[in-house]
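Novice: sequence plus the predicted model coming up.
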Amino acid sequence: MNDFVAYNPVKLFFGKNSIEKLPAELLKYGNKALILTGKGSVRKYGYFQEITNLLSQSGIEYVEYSGIKPNPVVEDAEKAVELAKQENIDMIIALGGGSVIDTAKLVSIAYPSGQNVWKLMKRTSEPIKNVPLFVVLTLAATGTEMNAAAVLQNHQTQEKIGLFHPLMYPKASFLNPNYTLSVPKNQTINGIIDLIAHSLEAYFADGNAPLSDRLAVANILEAMDYAPALLKNLHNYELRSRMMWNATIAENGTTMHGRSVTGDWGTHALAHHISLLWDTPHGQTLSIVFPAWMKVLKNEISQRILNLGKLLTGNEKISIEETINIFEEFFRSIDAPLSMEAIGLGEKKHKEKLLKLWKKNKPTGLHIQLNDKHYEKIIELI
Ligand code: NZQ
Ligand code: ZN
């Protein structure tokens, strides 16, 4: 095992009554909050009203910045920083899914320091301070509620990139599975793909860490176990609870200890370019890219793929192809796309555009290095 530091300061409140604890946590830091929200689901389903009632009852003032889009853009983060300055807020509440939360993370470090959001993303300007960030999660998928990562898009520079910095850990996150009962089937599928992809990214990092291997595989098996029932019963609290915790665990460090990096992340880096070009939901980009990435790298990481197959099935004689097929079959069974064609982007011009951007931006893994030859082979398979 590699040396590691285990550190996750996020206080997590989970369950039906978790939201009631929000005001007391907020009052430790001030009495005026900026609430960030997305395109309207939180008002449509009453979560915004429930949260703001709790704030009002506790004498906490709030202002809202709404309209953050899926695959969030740097412009929204900058506008929200401006609002935070005008209103002189004490803390931030992100109420939504990964896009809202990631934007809020950037606002929480850019607002108190006056630093430029994109310079922070590019690490040409290092984070120096933050205001407290609180999360009320409405969509189980990214795990951002319990980590220090944020992903933003910049259409001017043609980049979708991530930033990890300890100053972006939320102070506390509130996970009420009831808030995810309204997530539609397609976004539920996307969330399942994402948490499986996170488990695989952790697994494919370097270093010998058998317990982390098993924890990553446990996450994958858990998702494969509840997914068929959940997709037939979207309003089932128990199944939503399982998914919500599963998604958090897949991306909060639990599966990553004992390796030199937190995960490989090459597949995410490739997949982000599909979202950047066509605004494709994050989960869909991953079910398209991950099996192809494994096929192209199968000789370079044959032992790791074989070990994954053994851990997943208990079959000592499983082959590389059979292992990759487990994922393809599962993705197919939940109606996740496996090709660009399946999301209406199967023409030659689409693939050429994607390949060109890959060759320009050179997405790669933290462990497994990708080059133009890999891109050319992957594009053939997706
Ligand atoms: O905008 P609203 O109206 O809120 O609707 C959203 C959006 O359309 C809707 N939604 C959210 N909660 C709902 C709901 N609809 C009904 N009921 C609810 N309770 O779902 C749609 C998608 O929301 P979004 O936040 O974009 O989804 P997700 O949580 O999958 O976040 C995706 C973003 O997170 C990044 C992705 O790249 C993408 O930009 N990621 C962040 C990571 C991190 N910070 O650790 C890791 C991930 O790998 C990922 O890259
Ligand atoms: Zn992801």
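Specialist: Great, that's in hand. Ligands and ions are numbered 1, 2, ... in the order given.

Novice: mind checking the SS state of the most centrally placed residue in the chain?
Specialist: By CA atoms, centre = their mean, the mean C-alpha position of the chain lies nearest to T142, the distance being 2.5 Å. Put simply, T142 is coil when judged by DSSP: H, G, I helix; E, B strand; the rest coil.

Novice: can you pull out the strands in the stretch 101-250 of the chain?
Specialist: Listed in chain order, the strands of the stretch 101-250 of the chain (DSSP state E, counting those that start in this stretch) span residues 133-137, 149-154, 159-164, 172-175.

Novice: return the residues in contact with the residue nearest to the centre of the chain.
Specialist: 97-98, 101-102, 194, 247, 251, 282 (CB atoms under 8 Å, 6 or more residues apart in numbering). All C-beta spots, glycine's among them, are computed from the backbone N, C-alpha and C.

Novice: what's it sitting at in phi/psi?
Specialist: phi -80, psi -30 (degrees, to the nearest 10).

Novice: coming back round to it: of the contacts of T142, which belong to helices?
Specialist: The subset of these located in helices under the criterion DSSP state H comprises 98, 101-102, 194, 247, 282.

Novice: farthest pair in the residues you listed?
Specialist: Set against one another by CB to CB, those have their most distant pair in D102 and A247, with a gap of 14.6 Å.

Novice: so which of the two has more stuff around it?
Specialist: Between D102 and A247, counted using other CB atoms under 10 Å, the more crowded position is A247 (30 against 26).

Novice: would you mind measuring from the residue lying closest to Q115 once chain neighbours are set aside to K298?
Specialist: Here the nearest residue to Q115 in space, its sequence neighbours aside, is S125; by CB to CB, 6 or more residues apart in numbering that works out to 4.9 Å. For S125, the distance to K298 under the criterion CB to CB, to the nearest Å works out to 40 Å.

Novice: for the closest residue to ligand 1 within the stretch 201-350 of the chain, which residues are in contact?
Specialist: Closest contact between the stretch 201-350 of the chain and ligand 1, by CB to the nearest ligand atom, is at H282 (3.9 Å). The neighbours of H282, taking CB under 8 Å, 6+ apart as the test, are 70-71, 98, 141-142, 190, 194, 271-272, 275.

Novice: same question, V135
Specialist: V135 makes contacts with 93-94, 101, 104, 144-145, 170, 172-174, as judged by CB under 8 Å, 6+ apart.

Novice: what do you get for S287?
Specialist: Each residue near S287 by CB under 8 Å, 6+ apart is listed here: 193, 197, 331, 336-338.

Novice: can you redo those as TSV with distance to ligand 1, neighbour count and pLDDT?
Specialist: Formatted as TSV, the contacts of S287 follow (distance: CB to the nearest ligand atom, whole Å; neighbours: other CB atoms under 10 Å; pLDDT from 0 to 100):
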residue	distance to ligand 1	neighbour count	pLDDT
I193	10	27	98
A197	7	26	98
F331	16	22	98
A336	13	22	98
P337	15	23	98
L338	19	20	98
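
Novice: pLDDT and neighbour count added to the contacts of V135, as CSV?
Specialist: Compiled in CSV, these are given as follows (pLDDT from 0 to 100; neighbours: other CB atoms under 10 Å):
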residue, pLDDT, neighbour count
I93, 98, 28
A94, 99, 31
I101, 99, 31
A104, 99, 30
T144, 98, 28
E145, 98, 27
P170, 98, 27
A172, 98, 23
S173, 98, 25
F174, 98, 25
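
Novice: and ligand 1, which of those reach it?
Specialist: T144 (CB under 6 Å from any ligand atom).

Novice: nearest to ligand 1, of the contacts of V135?
Specialist: The shortest approach to ligand 1 among these belongs to T144, at 3.3 Å (CB to the nearest ligand atom).

Novice: L152 is in contact with the closest one, correct?
Specialist: No. If you go by CB atoms under 8 Å, T144 and L152 don't touch, sitting 11.9 Å apart.

Novice: which neighbours do the two share?
Specialist: Taking CB under 8 Å, 6+ apart as the contact rule, T144 and L152 both touch D102.

Novice: show me which residues of this protein sit near ligand 1.
Specialist: Among all residues of the chain, those adjacent to ligand 1 (criterion: CB under 6 Å from any ligand atom) are 38-42, 45, 70-72, 96-100, 102, 138-139, 141-144, 147, 149-151, 179-180, 182-183, 187, 190, 194, 251, 268, 282.

Novice: just the buried ones from these?
Specialist: A residue is treated as buried here by neighbour count (16 or more other CB atoms under 10 Å); on that basis the buried members of the residues of the chain next to ligand 1 are 38, 41-42, 45, 70-72, 96-100, 102, 138-139, 141-144, 147, 149-151, 179-180, 182-183, 187, 190, 194, 251, 268, 282.

Novice: chain center to stretch 323-342: distance?
Specialist: Between the centre of stretch 323-342 and the centre of its chain there are 19 Å (CA atoms, centre = their mean, to the nearest Å).

Novice: in that stretch, what counts as buried?
Specialist: Buried residues in stretch 323-342, counting neighbours by 16+ other CB under 10 Å, are found at 323-324, 326-328, 330-331, 334, 336-338, 340, 342.

Novice: please apply the same query to stretch 301-312.
Specialist: Residues of stretch 301-312 classed as buried: 301, 304-309, 311-312 (neighbour count, 16+ other CB under 10 Å).

Novice: swap in stretch 151-170?
Specialist: In terms of neighbour count (16+ other CB under 10 Å), stretch 151-170 has its buried residues at 151-154, 159-161, 163, 165, 167-170.

Novice: which of those residues lies closest to L27?
Specialist: The shortest distance between L27 and any of the buried residues of stretch 151-170, using CB to CB, involves P170 and amounts to 16.4 Å.

Novice: isn't that closest one right up against L133?
Specialist: Yes. When contacts are counted by CB under 8 Å, P170 is listed as touching L133 (4.8 Å).

Novice: which residues are in contact with each of the two?
Specialist: 94, 105.
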